[in-house]
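Asker: this one's structure only:
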Ligand code: FAD
Ligand code: NAP
């Protein structure tokens, strides 16, 4: 008989978990507290307790080709970075295509998930849900927790002496929806993450003055990278990943600093990270430096005190007449329906094996999907997590002993702190390609590059030097998709399609431009050697 799996939440993690359950022949039931799918990506005017809340203007900071699921590319005409409504449209098409809605019980909140008394032998869970005031109990063979981690705001009022005296308005970034109502105001945004930057930029177009206060600074990069390609297409290649592994750390850091300062000098803009050598999640924002250059945003240091109307900063400067403070200070993970000991993310420690499995369970029948912050897109990441988990539930993949898992957790946490630092915002941070490959290896879906070099060199070159997209993990192994090769080879086409809204006849094209580059290179070499003859 097929194993019954409870999936908690119908956001992106829940949807892909449903699909993976179906693919592996498991029997899923998804419980979603709201009336619709999409989770964080479904914008609502109201801020609801217990669910994520975004502002109306949110646009993805990872591109469509790097964010789609591995056997379902986004429609060709979708823009490269998507407004939240467009991403939600993709999730709707995805759910419809794989007929996932029939597994979801909407307006149903999971109240508790408890081990059954015979858990040590059965691995089963009792799940209590509530639908329109009616409680229900059901037994499941396994549980996938997909309830999100951008729900409970982290708002550290205690870190701001004098906060109780402040007479203006203050709120967390999850409560921000639109810039209307902030015309002519003086606003202080605390934090320098992606929420802080988006909100500060948007407010700066209406407000009299916006201030951004940061303790540690951050690298800021544009969505647009080399030759106008999306940043993640250029950054996330296996070649670059290999360089990161083999180059000495100091050289890598030096290269990163140079690259980050190419767009603008972070020191001049007051944004430079305190520890320039950490690989902390960068801010992706196309407008922030420009708003700073225009004076609409002023970057300030840490706030040391607040008065009724003013903010006093670490460097002794004071900004008067403050009307509002936005705490864009991140989130705290919370799983109110689970026993405390099961999933812990605190004291700078994530207590899950590969960010997924609690190691101490007698049976591996509970998994967290999406409790992670990769340096690339989360969508292919949660997909590989779900592919692995469903194969563990099915019994075709096994986990190591509790001791081995604990040792791995501890090693991983140490490495994370070393690479990304101790800030709360980096507690779930991971490398991108390394982590994807690690999960793919578990299920036998990691592409075999050496074999491909002989069999399909064109594809091998794309895999190594091109963007590490999700399609790569459908070339072989369980869940192999026959469209994967073609999706990899036609990726550029889908990227450029939405830009081709005006036909432009370019004068210089390959091979002429290519030949000119070769000639230029030859000329440079000849010039170099002829110079040598003078010495
Ligand atoms: P959510 O989207 O939060 O979904 C969780 C679902 O579970 C919700 O539908 C909720 O109602 C339901 N739920 C919760 N508790 C219960 C319960 N007890 N019972 C029943 N249902 C429950 N990542 C990227 O890769 N690229 C981006 O561009 C990007 N942009 C982001 C922008 C913002 C503003 C934020 C905050 C995050 C962004 N992220 C991005 C990261 C983000 O976490 C993911 O994009 C993703 O949406 C997380 O999906 P999820 O399904 O894990 O969680
Ligand atoms: P975040 O990344 O956790 O950033 C929180 C910020 O608050 C950090 O700059 C942190 O500074 C600061 N902070 C925390 N505690 C503080 C304190 N006591 N005093 C002063 N500063 C404090 O949160 P987020 O910006 O809301 O982003 C959450 C996730 O959503 C991220 O993965 C992000 O990429 C994503 N996101 C994406 C988009 C988009 O795609 N457009 C938009 C928004 C968010 P320190 O570094 O100094 O600790």
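Answerer: Structure received. What you are looking at is a predicted structure, and each value in this text was computed from that prediction instead of being measured. Residues are numbered from 1 along each chain as shown. Ligands and ions are numbered 1, 2, ... in the order given.

Asker: got the buried residues for stretch 112-126?
Answerer: Using 16 or more other Cβ atoms under 10 Å as the test for burial, stretch 112-126 gives 112, 113, 115, 119, 123, 124, 125, 126. Where C-beta positions appear, they are placed from N, C-alpha and C, glycine not excepted.

Asker: Is ligand 1 within reach of that stretch?
Answerer: No. Stretch 112-126 lies out of reach of ligand 1 by Cβ under 6 Å from any ligand atom, never closer than 9.2 Å.

Asker: what does that stretch contact?
Answerer: Here stretch 112-126 makes contact (Cβ atoms under 8 Å, 6 or more residues apart in numbering) with 6, 8, 127-128, 137-143, 145, 337-339, 361-366.

Asker: what does this protein put close to ligand 1?
Answerer: For the chain, the residues in contact with ligand 1 (Cβ under 6 Å from any ligand atom) are 8-14, 31-34, 39-41, 50-52, 54, 58, 60-62, 109-110, 146-148, 150, 195, 337, 370, 377-379.

Asker: Checking residue 66 next. Helix, strand or coil?
Answerer: At residue 66 the chain is in helix, as set by DSSP: H, G, I helix; E, B strand; the rest coil.

Asker: Quick check: residue 95 vs residue 101, distance?
Answerer: 6 Å (Cβ to Cβ, to the nearest Å).

Asker: These two - which one has more neighbours?
Answerer: For residue 95 versus residue 101, neighbours defined as other Cβ atoms under 10 Å are more numerous around residue 95 (20 against 15).

Asker: give the contact list for the more buried one.
Answerer: Applying Cβ under 8 Å, 6+ apart, the residues contacting residue 95 are 15, 37, 101.

Asker: just the buried residues of stretch 112-126 now: which is nearest ligand 2?
Answerer: Among the buried residues of stretch 112-126, residue 113 lies closest to ligand 2 (Cβ to the nearest ligand atom), at 25.3 Å.

Asker: isn't there a strand covering the closest one?
Answerer: Yes. Judged by three-state DSSP, residue 113 forms part of a strand.

Asker: what about residue 299, which helix or strand?
Answerer: strand 297-300 (DSSP states H and E).

Asker: quick one: low-confidence ranges for the stretch 301-450 of the chain?
Answerer: 348 (pLDDT under 70).

Asker: and ligand 2, which of the residues of the chain next to ligand 1 contact it?
Answerer: Contacts with ligand 2 are made by 58, 60, 61, 150, 195 out of the residues of the chain next to ligand 1, judged by Cβ under 6 Å from any ligand atom.

Asker: So which of those sit within helices?
Answerer: Among these, the members found in helices (DSSP state H) are residue 195.

Asker: What's the PyMOL line that selects buried ones from the ones next to ligand 2 among the residues of the chain next to ligand 1?
Answerer: With 16+ other Cβ under 10 Å as the criterion, this PyMOL line picks the buried residues out of those:
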select buried, resi 58+60+61+150+195
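
Asker: Quickly check the buried residues of stretch 112-126 for the two that are furthest apart.
Answerer: 112 and 123 (17.4 Å; Cβ to Cβ).

Asker: Pull the number of nearby residues for the closest residue to ligand 1 within the stretch 301-450 of the chain.
Answerer: Nearest residue of the stretch 301-450 of the chain to ligand 1: residue 370, at 3.0 Å (Cβ to the nearest ligand atom). Neighbourhood size, residue 370 [other Cβ under 10 Å]: 30.

Asker: Quick check: phi and psi at it.
Answerer: Main-chain torsions, residue 370, degrees, to the nearest 10: phi 90, psi 10.

Asker: Run through the residues that contact it.
Answerer: If you count contacts by Cβ under 8 Å, 6+ apart, then residue 370 has 11, 12, 13, 146, 148, 149, 378, 382, 385 around it.

Asker: OK, contacts around the last one?
Answerer: Contact criterion Cβ under 8 Å, 6+ apart gives 355, 356, 367, 369, 370, 372, 439 as the residues in contact with residue 385.

Asker: So which of those residues belong to strands?
Answerer: residue 367 (DSSP state E).

Asker: quick one: which of the contacts of residue 385 is nearest to residue 402?
Answerer: Distance to residue 402, by Cβ to Cβ, is smallest for residue 356 among the contacts of residue 385, at 14.6 Å.

Asker: what's the closest non-adjacent residue to that closest one?
Answerer: residue 367 (5.1 Å; Cβ to Cβ, 6 or more residues apart in numbering).

Asker: Pull the number of nearby residues for that neighbour.
Answerer: Residue 367, neighbours per other Cβ under 10 Å, totals 28.

Asker: Would you mind naming the residues that bridge with it?
Answerer: Taking DSSP bridges, one obtains residue 144 as the residues bridged to residue 367.

Asker: quick one: it from residue 144, how far?
Answerer: 6 Å.

Asker: try residue 506
Answerer: For residue 506, the distance to residue 144 equals 49 Å [Cβ to Cβ].

Asker: sorry, back to before: tell me, what's touching residue 367 and residue 144 both at once?
Answerer: By Cβ under 8 Å, 6+ apart, the residues touching both residue 367 and residue 144 are residue 389.

Asker: Which residue ranges of the stretch 101-250 of the chain form helices?
Answerer: Remark: helices assigned in the stretch 101-250 of the chain by DSSP state H, counting those that start in this stretch are 119-122, 194-204, 231-235, 238-246, 249-263.
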